[in-house]
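1. Below are the sequence and a predicted model for it; my questions follow.
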Amino acid sequence: MWILQNLLILCTVLSTVSSAAGLIRVFGYEGGDVRVSCPYGEGFGKHQKYLLIISDLHFDDAGKYWCGVTRIGRDLYTEVKLEVRPVYHHQSSTVKTIITTTPLYYEKLNEAARSSVSSAGGLIRVFGYESRDVRVSCPYGRGYEGHQKYLCKNDCGYSEILVRTAQKNKTKYSINDDKTTRIFTVIISDLCFDDAGTYWCGVTRVGRDLYTEVKLEVRPDSCCNTVNKIHSIEEGSASISCPYDTESVNNLMFVCRGNRPSTCLQQALITSNITQNGRFRLIDERKSRIFTLTISSLMLKDSGLYLCGVQRNSGLDVFSAVQLEVKEWCCVKTIKMSGSVGRPVTFQCPSPPQHHNDTMLLCKGHAVNNCTDMMNQSRFTLQNVSPSSFSVTITKLEAGDAGTYWCRSDPEASVGNYTHFHLSVDEANHEHSDASVFALFALPAVMLVVMVLVKVYKNKCHKK
């Protein structure tokens, strides 16, 4: 009889269990564990609590549970609803168990719940450049295609939600949900350094929303603190050497002009995928971990800053900077010469001892890289070859010989190895010279004629 009475009392107590602190909804995945957070009021800190902890979840575990706090008389209970969901293969182990509760009615506990926003889908690191845009791609699991998505900052309070799929895009933030790939993307425009910090990709659902943590880093769109300087000359060539680390051996390498890393790859002069582009050529020396850009037929406008870039699979690309200065032919020794048609003229060209066995050249033309070799013409003869110089003589000048000449003994085109001549030809001296010759031969004949006439005149006078 005593046993029957106690059973009746126990049944009566169990049948009257009800929630004293609202409803807690808990979601877990098959095979995982589930954690239930149970609030209780002030004054019950030392009272015994009891809670059903479930590991290795099965679908049969779904249903109603109770969080209990012992006290004299009837214990305090909080109702718990457990839902067990299947695990899909695309989900990582970090998102097998997702725990959520409805907001607690205690103010302090409510604040704690808000401040405990944590990642259920790993960490996304995003890098962007000041004044540029950055793209944040947020993946989500199957079954949430129709749920609202959003990007928020800090504790994700209502005022800290930056953009939602249910609202129109804002000036600084735009959002797009690709339900096929299950990725929603937020673009943050016109970045400033204050935009750096912690964000959250959010997916709404019954209970506590799903969150993925996002760390945004903003860097200045300029490069670099250290700049290597190289010099070359107009019409010559220059080589820009770019070192890289061991981890980047198989990565894309590229070179661009200017100092803006954000647009360097899009505006690249050349890449390791396309190693020849007109005057630009890229060679990758993997053993020394250096790739080199060679620029041929240099022009003055090639002067400026160049960025060597190495693409990274994650994070921002890595850059180094080189300042190229192209000098014009300002340092070429210029000699002005003049001559007369029909007369000889000689060009005196320096020839350093180290160039003694090199080809000696005299060419004519306005540009050193586009001049005509004159050494194979019969009127141009090589003379007085010595360890320090050689000379070229034009035996009989013509009016067409006037112009610009270049002489050198070094096969390489460099400023110090050229001498620049400007030859003018005086045709008037030639005419004057011909007249002088004519006068020289004509004068005796005229004098002879005069003498003959004088003699004839005297004979006539004598006869009379």
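-> Everything's here; your move.

2. Now do the SS call for residue 262.
-> Under DSSP: H, G, I helix; E, B strand; the rest coil, the three-state class of residue 262 is helix.

3. tell me the pLDDT at it?
-> Looking at residue 262, its pLDDT is 91.

4. I'd say it and residue 220 touch.
-> No: counting by CB atoms under 8 Å, residue 262 stays clear of residue 220, with 10.1 Å between them. Every residue, glycine included, has its C-beta placed from N, CA and C.

5. Mutual contacts of the two, please.
-> When contacts are counted by CB atoms under 8 Å, 6 or more residues apart in numbering, residue 262 and residue 220 are jointly contacted by residue 129.

6. neighbour count winner among the two?
-> residue 262 (18 against 10; other CB atoms under 10 Å).

7. show me the contacts for that one.
-> By CB under 8 Å, 6+ apart, the residues touching residue 262 are 129, 132, 221.

8. count of neighbours near the second one?
-> Going back to what we said before, that points to residue 132. 17.

9. Report the contact partners of it.
-> Counting by CB under 8 Å, 6+ apart, residue 132 has contacts 190, 191, 221, 262.

10. Now with 10 Å, please.
-> 188, 189, 190, 191, 218, 219, 221, 260, 261, 262, 263 (CB atoms under 10 Å, 6 or more residues apart in numbering).

11. Give me the helices and strands touching the host helix or strand of the fifth one, please.
-> Assigned by DSSP states H and E, residue 218 belongs to strand 210-219. Other elements packing on strand 210-219 under the criterion 3 or more CB pairs under 10 Å, 6 or more residues apart in numbering; DSSP states H and E are strand 123-129, strand 134-139, strand 149-153, strand 183-188, strand 197-203.

12. quick one, which of these is nearest to residue 78?
-> When the helices and strands packed on strand 210-219 are compared by CB to CB, strand 197-203 sits nearest residue 78, at 25.9 Å.

13. The closest one to strand 183-188, inter-axis angle?
-> Counting by axes from the mean of the first three to the mean of the last three CA atoms, to 10 degrees, strand 197-203 lies at 140 degrees to strand 183-188.

14. Could you list the paired strands of strand 197-203 along with their orientation?
-> Counting by DSSP bridges, the strands paired with strand 197-203 are strand 149-153 (antiparallel), strand 210-219 (antiparallel).

15. Any chance of CSV for those strands, columns distance to residue 166, mean pLDDT and mean neighbour count?
-> Converted to CSV, the strands paired with strand 197-203 look like this (distance: least, CB to CB, whole Å; pLDDT from 0 to 100; neighbours: other CB atoms under 10 Å):
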stretch, distance to residue 166, mean pLDDT, mean neighbour count
strand 149-153, 8, 93, 22
strand 210-219, 16, 92, 19
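
16. Make TSV from those and add distance to residue 327 to it.
-> Putting those into TSV (distance: least, CB to CB, whole Å) gives the following:
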stretch	distance to residue 327
strand 149-153	53
strand 210-219	34
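
17. What is the burial count for the closest residue to residue 311 other than its chain neighbours?
-> Of all residues not flanking residue 311 in the chain, residue 252 sits nearest, at 4.1 Å (CB to CB, 6 or more residues apart in numbering). Using other CB under 10 Å, residue 252 has 15 other residues around it.

18. same deal with residue 238?
-> 20.

19. Mind checking what secondary structure the residue nearest to it when sequence neighbours are not counted has?
-> In space, and not counting its chain neighbours, residue 238 is closest to residue 232: 4.0 Å by CB to CB, 6+ apart. Three-state call for residue 232 (three-state DSSP): strand.

20. right, and residue 232 touches residue 322 too?
-> No: here residue 232 does not reach residue 322: they are 11.8 Å apart, not a contact under CB atoms under 10 Å.

21. Common neighbours of the two, please.
-> Jointly contacting residue 232 and residue 322 under the rule CB under 10 Å, 6+ apart are 238, 239.

22. Comparing these two, which shows the higher neighbour count?
-> residue 322 (21 against 18).

23. What residues sit buried inside the helix or strand hosting that one?
-> If you go by DSSP H and E, residue 322 is part of strand 318-327. Of the residues in strand 318-327, 318, 319, 320, 321, 322, 324, 326 count as buried by neighbour count, 16 or more other CB atoms under 10 Å.
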